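> Quick one: sequence plus predicted model below, questions after.
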Amino acid sequence: MMALKSLPLRTSRMSAVRVQAAQVKVSPKSAEQRFKQATGLPAPAVNGKQFPIALGFTKTNELFVGRLAMLGFASSLIGEVLTGKGALAQFGYETGLNGIEVDGLVVGLVAFNLIAAILPTSQTFVPQEQESIQDRPAGPLQDPRISLLDPKRFFGVKGFGFTKENELFVGRMAQLGFAFSLIGEAVTGKGALAQFDIETGLSLRDTEFGLVVFILFLLFAAVNEGTGKFVDDE
């Protein structure tokens, strides 16, 4: 009898809980929260403002990829100094894969680096950015008046400093350098430093100071937030 009496009580409590749960409004998660939930990492930030990564050749994505290229290139150079092996040989050593098995990965990585470094950063794959494309000034590939005679405008840099524009340029150079070093290693079997020694005739001891400065610069540029704004951020 006691069990039968307590049954309506439990039922009423459960229905009350369900009503309360239905009344609670679940606020939609922001893009930064969705990025953190999916990756476990905070969205990339520049000057305290977070920029979640969206599919497409956007400037935010290019900054992120450029930083990865700088970190990857610097790490591969450090690995070559320690082991005497290039990036591909280091990758095969770490994963246990042979050269044939990583060919597809290498071709894809090189192609992506070249496209990301050479293709103008048009955000045509991001619907929200379609309207702002028309308002942007023409770049060197669209305006024939911008030539190498004006290197700052041609390369999109603004003097010395860790600005966004300069970081884009350094990131593109890192992507190109990393891509061509992988191509050179696939052809010659030698890493980036060994290729540099062959081209210049200088030994690693002769270039040691410059190499240390270059690696430190890449590492610092990869982790530094930078300053300034892009045209479409203003």
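The structure has been received and is ready for your questions. Everything numeric here is computed off the predicted structure, so don't read it as measured data.

> number of nearby residues for residue 115?
Neighbour count of residue 115, defined by other C-beta atoms under 10 Å: 12. Placement of C-beta: from N, CA and C, glycine included.

> I'd like the distance between it and residue 218.
21 Å (C-beta to C-beta, to the nearest Å).

> again, but for residue 211
Following C-beta to C-beta, the distance that separates residue 211 from residue 218 is 11 Å.

> Those two: which is more packed in?
Taking neighbours as other C-beta under 10 Å, residue 211 and residue 218 compare with residue 218 leading, 24 against 17.

> Check which residues of the helix or strand harbouring the more buried one are buried.
Assigning secondary structure by DSSP states H and E places residue 218 in helix 208-223. For helix 208-223, burial by neighbour count (16 or more other C-beta atoms under 10 Å) applies to 211, 215, 218, 219, 221, 222.

> farthest-separated two in those residues?
The two members of the buried residues of helix 208-223 with the most space between them (C-beta to C-beta) are 211 and 222, at 16.6 Å.

> shaky segments in the protein?
1-59, 99, 113-114, 116-163, 223-234 (pLDDT under 70).

> again, only using 50
1-7, 9, 17, 19, 21-26, 38-39, 46-47, 122-123, 125, 230-234 (pLDDT under 50).

> For stretch 178-193, which outside residues touch it?
69, 72-73, 76-77, 80-81, 84-89, 106, 109-110, 113-114, 117, 177, 194-195, 198, 204, 211 (C-beta atoms under 8 Å, 6 or more residues apart in numbering).

> Narrow those to those in strands?
When strands are assigned by DSSP state E, not one member of the contacts of stretch 178-193 lies inside them.

> Which of the three states applies to residue 97?
Under DSSP: H, G, I helix; E, B strand; the rest coil, the three-state class of residue 97 is coil.

> any idea how far residue 196 is from it?
Distance from residue 97 to residue 196, by C-beta to C-beta: 26 Å.

> Show me which of the two is the more surrounded one.
Higher neighbour count among residue 97 and residue 196: residue 196, with 17 against 13, using other C-beta under 10 Å.
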